[in-house]
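[1] The following comprises the amino acid sequence and a computationally predicted model.
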Amino acid sequence: MDPTASPFVQGLAAGVLRHQRCTACGTALTGQRFACTGCGSARLAWCDAAGTGTVYAVSTVHRAPTEAWRALAPYTLVLVDLDEGPRLMAHGAAGLAINQRVRAIAVTLAGTALLRFVPA
Ligand SMILES: [Zn+2]
């Protein structure tokens, strides 16, 4: 599967945060799934999110996984509960705190669009 063909990645490149929602039970999902984690249905639809949410957890990465990231370290990763319900991991602005309101932006690193949360 070509990861750039993902509706999530394509949305991010266009400045839209997308997630999946089960059309059978309404469960909101993150990632790109083939079946609902709530009921097992394969009837999933992509939805545009408002891009706003609340920080659930924050961590700082000091050891970059690749050379491209080394110049950015230390950098922040966050778990964010979107207002639509699902929780996802993304990059975050330095200094974000648990329970802080945030909004999503797209940043580009080495030609790849990445999700990043900044203060709302
Ligand atoms: Zn479901």
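    Sure thing, it's come through. As the structure is a prediction and not an experimental result, all values here were calculated from the model.
[2] got a list of contacts for the worst-scoring helix or strand of the chain on mean pLDDT?
    Taking all helices and strands of the chain together, the one with the lowest average confidence (mean pLDDT, DSSP states H and E) is helix 67-70, at a mean of 82. Identification of contacts with helix 67-70 by CB atoms under 8 Å, 6 or more residues apart in numbering yields 64, 75, 109, 110. Backbone N, C-alpha and C define where each C-beta goes, glycine included.
[3] let's see 7 Å
    Residues lying outside helix 67-70 but in contact with it, judged by CB atoms under 7 Å, 6 or more residues apart in numbering, are 64, 109, 110.
[4] How about stretch 49-62?
    Outside of stretch 49-62, the residues that reach it under the criterion CB under 7 Å, 6+ apart are 17-19, 73-84, 87, 92, 96-104, 120.
[5] what about the strands in the protein?
    18-22, 28-29, 44-48, 52-61, 75-82, 87-92, 101-109, 112-119 (DSSP state E).
[6] Make TSV from the ones you listed and add distance to the ion and mean pLDDT to it.
    Compiled in TSV, the strands of the chain are given as follows (distance: least, CB to the ion, whole Å; pLDDT from 0 to 100):
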stretch	distance to the ion	mean pLDDT
strand 18-22	3	94
strand 28-29	9	92
strand 44-48	8	95
strand 52-61	21	97
strand 75-82	17	96
strand 87-92	17	95
strand 101-109	24	92
strand 112-119	24	91
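[7] Of all the ones you listed, which one is nearest residue 7?
    Checking the strands of the chain against residue 7 by CB to CB gives strand 44-48 as the closest, at 4.5 Å.
[8] Tell me which residues touch the spatially closest residue to residue 29 that is not a sequence neighbour, please.
    The shortest distance from residue 29 to any non-neighbouring residue, by CB to CB, 6 or more residues apart in numbering, is to residue 20 (4.4 Å). Residue 20 sits next to 29, 33, 44, 45, 46 when contact means CB under 7 Å, 6+ apart.
[9] if you set the cut-off to 6 Å instead, what comes out?
    For residue 20, the contact set (CB atoms under 6 Å, 6 or more residues apart in numbering) comprises 29, 44, 46.
[10] Tell me the buried residues in the lengthiest helix in the chain?
    Criterion DSSP state H: the longest helix present in the chain is helix 7-13. For helix 7-13, the neighbour count (16 or more other CB atoms under 10 Å) marks 7, 8, 9, 11, 12 as buried.
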